[in-house]
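Colleague: The following block contains a protein sequence and its predicted model.
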Amino acid sequence: MSLTLCSPPVAPTEEVLVQDLLAFTAQDFSGQNQLLDEAFNQLALRLFAHQFEFNAPFQRFSRQRARTPRTVRRWQDIPAVPIAAFKEQTLSCWPPEQCERVFMTSGTTRGDVRGRHFHPHLQVYDTSMRLHFQQRFMGEPFSQPARQTLQSIRMGVVFPDETLMPNSSLAHYLQLALHTFGASGSRCLVSDTGLLVDDVVASLQDAVASNQPYALLGASYSLVHVMDALQERGLRFVLPEGSRILDTGGFKGQSREVPIQAFYKQLTHFLGVPPSHCINMYGMTELSTQFYDAGNAQLPSLKSGPHWIRSRVVDPLTGLDMPAGERGILVHCDLANFNSVTTILTEDVGLAQMGPDVEPAGFYLLGRAQGSQAKGCSMAVDEFLRATQS
Amino acid sequence: MNLLRLGQHEAMGSAWHTLSYENAGHTWQIEVPHYSPDQLALLAQRVRASGAALKAMPVSQIMAAVDQAMARLLDAQNPQRQLLELWLPRITGLDAEMVGLGLNACFKTFRTPQLQRFVAQDFGNPKCLDEFQPSPKGGMVRAVGPELLVHVWAGNVPGLPLWSLISGLLVKAPSVGKVSSAEPLVAYVVAQVLAEVEPRLAPHVAVVWFQGGDAARERLLCEAADVVLAYGGNTSLAALRAQVPVTTRFLQHGHKLSATLVSAAALDVHTASHTAHQAALDVVRFEQQGCYSPQVVYVARGGRVSPKEFSELLAQELAALQHKFPRRDLTLEESAGVSTWRQTQEFASEPSTYVLGDAAAPWAVAYVDSASQLAPSALNRTLKVMAVDHVRDVVPHLAAQRRFVQTLGLAVSPEELQLLAEPLALAGVTRLCALGSMTSPEPGWHHDGRFSLLDLVRMVDLEASAESAAESYASYRD
């Protein structure tokens, strides 16, 4: 797989912005919270000004809220764009046709309309992914700081690759993991016909025989398919110590729904990987940075991101922070989203966990806000979409 | 007192289940009997077996009992009425005054004259519910209600269970009704009042609660029933339908969408604000949770007040009504739904779209200068106003959602009414009514285009041939 580097940017300011952003992601801020706060804020405001200038729908949205580069002084005040807007509008500073890659949402929630996230190039996305993946998945123990960080690990990816799903950010993410951190023998275990069960079994057998740590990565539902296949063949494995699993995205009706606790218990049962070594990644097509937990021995697990993304838990109507200890909707400000919009309003329910400082240490992900819960025969949007799709 | 216990006299030694409600910073609890599957089966069997006595009661006596129960429930001094007024706002979060008005509107729909009309609507000769009656085609007919009618109620609008509960009684069907967790109260209270005013009815009505989607209990009830009448979302109806034996009649009221149509005739400077006020009332009542609640307003161009100006009037009315009937507290999920809907409108590719009302306001009106097909809003006082050139232009927009369209509230001239009625009927609309009346259908209405009573019964034909054949075996034959 080749990675095209930076093409000519939309404006000279952008090239500088991207360089500063890459420098910011690489910088070590440990023990310098105030410096980090200031640097984050400054970069967020510069990106806001840039996106306000070069992205007309975003400018209109911001103006409706009386938020302009003149009035916004804190990253928290950058208007959060609802993820539904990625379906309605082209949120890109660059002309979309000049973008190297567009990632699209799976389109599970709104009929045929899929959200689109334009990336002029993947340099920032890939840097963000690699840096954070290395910290959170390659190090052990997974709660920071790691005692030992692997340079590579043999991987099996149970998700289609980029040639099969060129618009899937997850396919790209997993391929990037495989190409960057996969030791020899790493491979994708899904083809256009589906899960390659024989190859999965062979890979697991090899891993056990080699006595080297092994990593299995994929969508949560793909892992259910793996377990179903092992169950069918009456197989169980105890992968070597240090082996780990990464799942993401939930089940989305693609496999049987498994309660989260049972899911990790079953992974231990079939693969011999304890919940402490099962990492759940929380990512979104609309972001360029991912969140991880430090294993799932305790549920729900605390999710957190690197220093270039910050999250808030808000009241969806007012956009104000919820009081500590109350559920709200998650807003993420991801500086790696340099071309679209940094700040998005998700449809995910979260609960902030305060850290030792004023900034939250992370959040618990408590599921999706299903819109208005239709209690009776008046129809709510979600129900309507389901009904019209069926 | 934060706890209310319901259905105590019929608990049969069952376990109790506590339902919790959080509104306006308080937690309220209601305890309901939670029958084991065995107890539930026994209860259904007992109610079913009681039927002979009910079938022997003349309809007029059943009506008298219902009328008396409604009289009690309309009496502000009555303790059960007071209980409803106190507890319904607590569990639904609806405004207390709105609840009071809604209860009155509902209970007065079931007084004797209305009940008589209700029955006359479906039966040419209502006496066929009591005994065989001569039929115009020759011979005799008799309408026989089911041996056991099972109701599965939704909790969206308080009072909704009354329609089917009373329909069941009018056709002398012993009933087991399952209340929803969202609003279990009205059915329990009405059943209790009925049993008090007419103890003979007591064995024939049982109200139960279990968690919606409890397949074992649902199956058990459905298997005991002759007719199952269910309200709810399409997903839960589909799951329920799978539990119903093929020989059992399944009547469903699933998701519906309703709209309002305002003609240029209703938009002169004198009438426009009145029209907007009536339209806003339909939105505010029950927070658009009813199938008959409008989610879209189509407004015709050409009046003195433009569609856009009308949307502003509507916004003003909603703002004003907030003082009289404040919106209930929304759950986080509902807030997220409202916020998503709002922002989707703001981001809509249609450049003429704009949203009235502050992001945190307890209502929102989106205006768009062109019309499209009927689609849901986020409920809870969110509404989309769309401009059309002529009232008849709405027909294709409604027909596009023919599976879901139900009520159309109208503010049109007599000529337009005449012009529109037929094409609207063909487009799938099942109810046309005045603005301001959308949430209170007439007694005897054809809910979703169906018969309230006729759908429940089995008609028995005693054909003329049987009569004449019997003559040939008479002891007095020639």
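Modeller: Happy to help now that I have it.
Colleague: residue boundaries of the strands in the stretch 151-300 of chain A?
Modeller: A:154-158, A:187-188, A:190-191, A:194-195, A:214-219, A:244-248, A:278-282, A:291-292 (DSSP state E, counting those that start in this stretch).
Colleague: would you turn these into CSV with mean pLDDT and distance to chain B?
Modeller: Placement of C-beta: from N, CA and C, glycine included. CSV is the format used below for the strands of the stretch 151-300 of chain A (pLDDT from 0 to 100; distance: least, CB to the nearest CB, whole Å):
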stretch, mean pLDDT, distance to chain B
strand A:154-158, 97, 30
strand A:187-188, 96, 35
strand A:190-191, 92, 31
strand A:194-195, 91, 28
strand A:214-219, 96, 24
strand A:244-248, 96, 22
strand A:278-282, 96, 18
strand A:291-292, 96, 19
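Colleague: Now mean neighbour count too, for those, in TSV please.
Modeller: Shown next, in TSV, are these (neighbours: other CB atoms under 10 Å in any protein chain shown):
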stretch	mean neighbour count
strand A:154-158	24
strand A:187-188	20
strand A:190-191	18
strand A:194-195	14
strand A:214-219	27
strand A:244-248	24
strand A:278-282	23
strand A:291-292	25
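Colleague: how about a markdown table for the ones you listed, with distance to B:Gln80 added?
Modeller: Formatted as a markdown table, the strands of the stretch 151-300 of chain A follow (distance: least, CB to CB, whole Å):
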| stretch | distance to B:Gln80 |
| --- | --- |
| strand A:154-158 | 60 |
| strand A:187-188 | 67 |
| strand A:190-191 | 63 |
| strand A:194-195 | 61 |
| strand A:214-219 | 54 |
| strand A:244-248 | 54 |
| strand A:278-282 | 50 |
| strand A:291-292 | 53 |
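Colleague: Nearest to B:Glu467 among these would be which one?
Modeller: strand A:194-195 (69.3 Å; CB to CB).
Colleague: Just checking: what are the partner strands of that closest one?
Modeller: Paired neighbours of strand A:194-195 in the sheet (DSSP bridges): strand A:190-191 (antiparallel).
Colleague: per-residue pLDDT, A:Asp357?
Modeller: With respect to pLDDT, A:Asp357 scores 60.
Colleague: For the stretch 51-200 of chain A, list the residues in contact with chain B, please.
Modeller: By CB under 8 Å from any CB of the partner chain, the residues of the stretch 51-200 of chain A that approach chain B are A:Pro57, A:Phe61, A:Gln64, A:Arg65, A:Val81, A:Pro82, A:Ala84, A:Ala85, A:Glu88, A:Gln89.
Colleague: repeat that for 10 Å
Modeller: Residues of the stretch 51-200 of chain A found near chain B (CB under 10 Å from any CB of the partner chain) are A:57-58, A:60-61, A:64-65, A:79-91, A:110.
Colleague: Can you flag the buried ones in these?
Modeller: A:57-58, A:61, A:79-91, A:110 (16 or more other CB atoms under 10 Å in any protein chain shown).
Colleague: Where helices are concerned, which of these count?
Modeller: With DSSP state H as the criterion, helices contain A:Pro57, A:Phe58, A:Phe61, A:Ala85, A:Phe86, A:Lys87, A:Glu88 from among those.
Colleague: Using TSV, please lay out the residues you listed together with pLDDT and distance to A:Gln34.
Modeller: Shown next, in TSV, are those (pLDDT from 0 to 100; distance: CB to CB, whole Å):
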residue	pLDDT	distance to A:Gln34
A:Pro57	89	35
A:Phe58	91	30
A:Phe61	85	31
A:Ala85	87	34
A:Phe86	90	34
A:Lys87	85	39
A:Glu88	80	39
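Colleague: which one among the residues you listed gets closest to B:Glu309?
Modeller: A:Phe61 (25.4 Å).
Colleague: check contacts around the closest one.
Modeller: Taking CB atoms under 10 Å, 6 or more residues apart in numbering or on different chains as the criterion, A:Phe61 is in contact with A:52, A:55, A:67, A:79-82, A:85, A:89, A:91, A:341, B:343, B:346-347.
Colleague: Can you tell me which of those residues comes closest to B:Asp38?
Modeller: Checking those one by one against B:Asp38 (CB to CB), the nearest turns out to be A:Pro82, at 49.6 Å.
Colleague: Pop the domain breakdown of the chain in here.
Modeller: By default, I'm working from chain A. For chain A, automatic domain parsing gives the domain ranges A:1-112+A:308-390, A:123-306.
Colleague: if you could check chain B rather than the one you did, that'd help
Modeller: According to automatic domain parsing, the ranges for chain B are B:3-255+B:444-462, B:257-429.
Colleague: Check the burial of the closest residue to A:Pro240 other than its chain neighbours by counting its neighbours.
Modeller: Spatial nearest neighbour of A:Pro240, excluding adjacent residues (CB to CB, 6 or more residues apart in numbering or on different chains): A:Asn211 at 5.0 Å. Using other CB atoms under 10 Å in any protein chain shown, A:Asn211 has 10 other residues around it.
Colleague: pretty sure A:Asn211 is touching A:Arg154, no?
Modeller: No - using CB atoms under 10 Å, A:Asn211 makes no contact with A:Arg154, being 11.4 Å away.
Colleague: Now for these two: what residues contact both?
Modeller: In contact with both A:Asn211 and A:Arg154: A:Pro240, using CB under 10 Å, 6+ apart.
Colleague: you'd agree B:Glu31 is in a strand?
Modeller: Yes - looking at B:Glu31 with DSSP: H, G, I helix; E, B strand; the rest coil, it is inside a strand.
Colleague: Is there a neighbour count for it? I'd like the number.
Modeller: 17.
Colleague: now it, which residues is it bridged with?
Modeller: Beta-bridge partners of B:Glu31, as defined by DSSP bridges: B:Arg5, B:Thr18.
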